[in-house]
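A.B. asks: I would like to see how this sequence folds:
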Amino acid sequence: MKETQLNKKSLLYYLFSLTLVFVIFELVVFVQSSEFFLTDFKRISLNIKIPARVFAGIFWFILIQAAIHVFFTLTVYFLSLSQVYLFDGLKKHLDRVGLIVWLLAILTLLVVNQQYYPNSVFSIVTSKVVFLSLLKPLLYTLFLIMGFLFFTSICGLLKYSLQRSFNFTIILLFAVAAAMLFQYSRNSKPLVNVSKASQAPNIIIIGFDSFRTDFLGLNGKVNITPHIDAFLKDSILFTNSYTPIARTFPAWVSILTGNYPKTSGIRFNLADQAGLDKTQALPVILKNNGYRTLYAIDDASFSNIDESFGFDAISTPPIGFSGFLLASINDFPMSNLVLNSKIGQYIFPHSYANRSAVRTYSPSSYTNKINKLLLEKDSKPILLTAHFCLLHYPYYWAGSKFKKSATLEQYLSALQKVDRQFKHLIDLLNERQLLNNALVFVISDHGEAINLVGDRITENKSYLPSKSYEQLPQFYLTHGGNIALNSSVGHGTDVLSVTQNNTLFAMRFFSSASYKPKKVDSLISLVDLKPTVLDFLGIDYGATDGVTLMPLVHDIDKTFINRSVFVETGFSPAAILTTYPNTRDLLFQGANYFHVDKKTLRLKVKPDMGELIISSKQYASYHKNWILALYPKEDNKMLPVLVNTKTGYWSVDLNSDFANNSPADLMLDELQEFFGSELKEIS
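C.D. replies: Numbering: from 1, shown residues only. Sure, this is the predicted structure:
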């Protein structure tokens, strides 16, 4: 008996030693692939003072990682012991059995990681040994072996319990029955038919990040968005909609407040919200009118929208500096195995359903979180705002393979995946009967430019020279010189990139009031959403920059005939003005602009740096088929660029015949009146 106990103890030490070797291997791979979190993190921390409380989250992360490795070791330990209990001949070879089981478990772990997380840094390492053609056969073989091991382990434990007169079987069956009962009780919550419980319609806003409307199948492009296309076919689709700023946070503030960034004061991502008036935000107004207000997003890194906007419940990754740090470093084979499970959402909240954790992000995990948000019992009508960030750069996720040289292919693949996410959400809404009486908006916060011809609307051949500007002007500075005059990249970087600033905007009514599906080409802005919702509900929407779109729904276009909408750019350091933004360069260039709030631990733009960002903004007025853009120049002046979007002709001379036969004077007056002293002298 004593000898057996010593062997068990020896096996446990042996297995922990092996796991420690594997931990060292993990750390070596991590160090080699994650320079940011070592040298780079130290370099950035010199510019951003990090409060000590941030490190509590890091400590928790390390503790959970240690616990997972301990659990793995103990599992291998019991699997090994149970084999010895079942096969008496193995008692003399306990350490060898332990080594074989440990190696099989580690190999299975690495192969599973390579199969389901092909962008993991460990998959890059193992792919050099396990080729793609051999991956699935090897995976199935290992599953069979491990399945057999678990089966024989149960048999071994049963044999051991019977020999010890210990009724292990009854306890095991009781535990399984209790687990099944618990799971059944969680999944069998009675659903509330919100639409029948109240006569007020549900308001559902479904948003997409970085959505290019020109790739919709509805617009004659490749048919990779069948579910979105089918929904839009029965909607009122506004084809001439623009964002006030092509950055997620200020764009969503504009959507919720009905005001341009200049009015709200939110001019860029991570802006300080101290001066923002949220009392008239759409969720606040609807909450005061008997609505339950819900908000969900799968990437809160740069968009800090929370309950303070009037939401009763939110579903977001943790907001704050820890989100930047922990979401990116959690890429280890053992934690990846549980990260997207029900357990994972509790022990790894910074990574679960977090789009910024690109290597491990599972699109279904986000829709599962929305489902959980909708399960809450309530008889009130709801405002649901759900935003999908899968289309944001770098256009890959846990189940896809990143190809740096195939930007268009990557983007289209992400577009196809987000279409499935949309279908999943619509199915959930139907199951919850939330569409029985609802007004649904399908929108995007902005578009995306991916360095394609036409991503900027200024063609060389369409330039109209003048005496003052005979040569093509250089009005758009690029990083690395890899962007042509008729092309652009990213979002929020260029007011003349229609693909960046054009947005998806559709309304569909699920109610007794029937409206015929149609396309509307009147010029609108995202700031129009709030007044449209409130006008539809018969609620006074007060003074906003936006206007209600209900006249267009009723085929009345008088309000919009001579309308202009404004667009401005966001914070655009040089590192972002390239086809493949380098995260390290971007962080280094932006580090001086941010600080971590000691109370909230949120990353915010420094006030003085905010002023610097505003001074570097581009501005534009969109009016009918004209765009007047103002670009800041190094001589503290602004260069005007006037474009006719119908003909493609453009000029930088506002005294030319081309300009005189346009509404340029009106557009310039409107820009100067609205933006005031922000606009420098016109060159």
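A.B. asks: low-scoring stretches of the stretch 1-150 of the chain, by residue?
C.D. replies: Within the stretch 1-150 of the chain, the set of residues satisfying pLDDT under 70 comprises 1-6, 34-48.
A.B. asks: where exactly do the helices run in it?
C.D. replies: When assigned using DSSP state H, counting those that start in this stretch, the helices of the stretch 1-150 of the chain occupy the ranges 2-33, 39-45, 54-86, 94-116, 121-126, 132-163.
A.B. asks: can I get these in CSV with distance to residue 522 and mean neighbour count?
C.D. replies: (C-beta placed from N, C-alpha, C; glycine too.) As requested, those are exported to CSV (distance: least, CB to CB, whole Å; neighbours: other CB atoms under 10 Å):
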stretch, distance to residue 522, mean neighbour count
helix 2-33, 50, 14
helix 39-45, 46, 14
helix 54-86, 48, 17
helix 94-116, 47, 18
helix 121-126, 49, 18
helix 132-163, 51, 14
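A.B. asks: contacts for stretch 69-79, please.
C.D. replies: In this structure, residues lying in contact with stretch 69-79 by CB atoms under 8 Å, 6 or more residues apart in numbering are 11-12, 15-16, 19, 22-23, 98, 101-102, 105, 109, 149-150, 153, 157, 334.
A.B. asks: switch to 10 Å and redo it
C.D. replies: Contact with stretch 69-79 is made by 8, 11-12, 14-20, 22-23, 26, 97-99, 101-106, 109, 146, 149-150, 152-153, 156-157, 332-335, 337-338, as judged by CB atoms under 10 Å, 6 or more residues apart in numbering.
A.B. asks: again with stretch 132-145
C.D. replies: Applying CB under 10 Å, 6+ apart, the set of residues contacting stretch 132-145 from outside is 104-105, 107-112, 114-116, 118, 123, 126-127, 130-131, 401.
A.B. asks: which parts of the stretch 401-550 of the chain are strands?
C.D. replies: Along the stretch 401-550 of the chain, counting by DSSP state E, counting those that start in this stretch, strands occupy 438-444, 449-450, 489-490, 505-510, 518-520, 524-525.
A.B. asks: direction included, what does the third one pair against?
C.D. replies: Each strand that strand 489-490 pairs with, and the sense of that pairing, follows from DSSP bridges: strand 449-450 (antiparallel).
A.B. asks: and the first one, by the same measure?
C.D. replies: Here strand 438-444 is paired, per DSSP bridges, with strand 202-208 (parallel), strand 505-510 (antiparallel).
A.B. asks: and those as TSV, adding mean neighbour count and mean pLDDT?
C.D. replies: Rendered in TSV, the data for the strands paired with strand 438-444 read as follows (neighbours: other CB atoms under 10 Å; pLDDT from 0 to 100):
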stretch	mean neighbour count	mean pLDDT
strand 202-208	24	98
strand 505-510	22	96
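A.B. asks: could you measure from residue 544 over to residue 156?
C.D. replies: Shown here: residue 544 relative to residue 156, a distance of 70 Å by CB to CB, to the nearest Å.
A.B. asks: whoops, I mixed them up, residue 108
C.D. replies: With CB to CB as the criterion, residue 108 and residue 156 are 20 Å apart.
A.B. asks: again, but for residue 127
C.D. replies: Remark: distance between residue 127 and residue 156 (CB to CB) = 35 Å.
A.B. asks: just residue 129 next, same as before
C.D. replies: Distance, residue 129 to residue 156, by CB to CB: 32 Å.
A.B. asks: quick one: contacts for the most centrally placed residue in the chain?
C.D. replies: In the chain, the centroid-proximal residue (CA atoms, centre = their mean) is residue 389; its distance is 2.8 Å. Contact analysis of residue 389 by CB under 10 Å, 6+ apart lists 207-210, 248, 297-303, 354-356, 361, 366, 418, 445.
A.B. asks: run the last query once more with 7 Å
C.D. replies: The neighbourhood of residue 389, defined by CB atoms under 7 Å, 6 or more residues apart in numbering, consists of 209, 297-299, 355.
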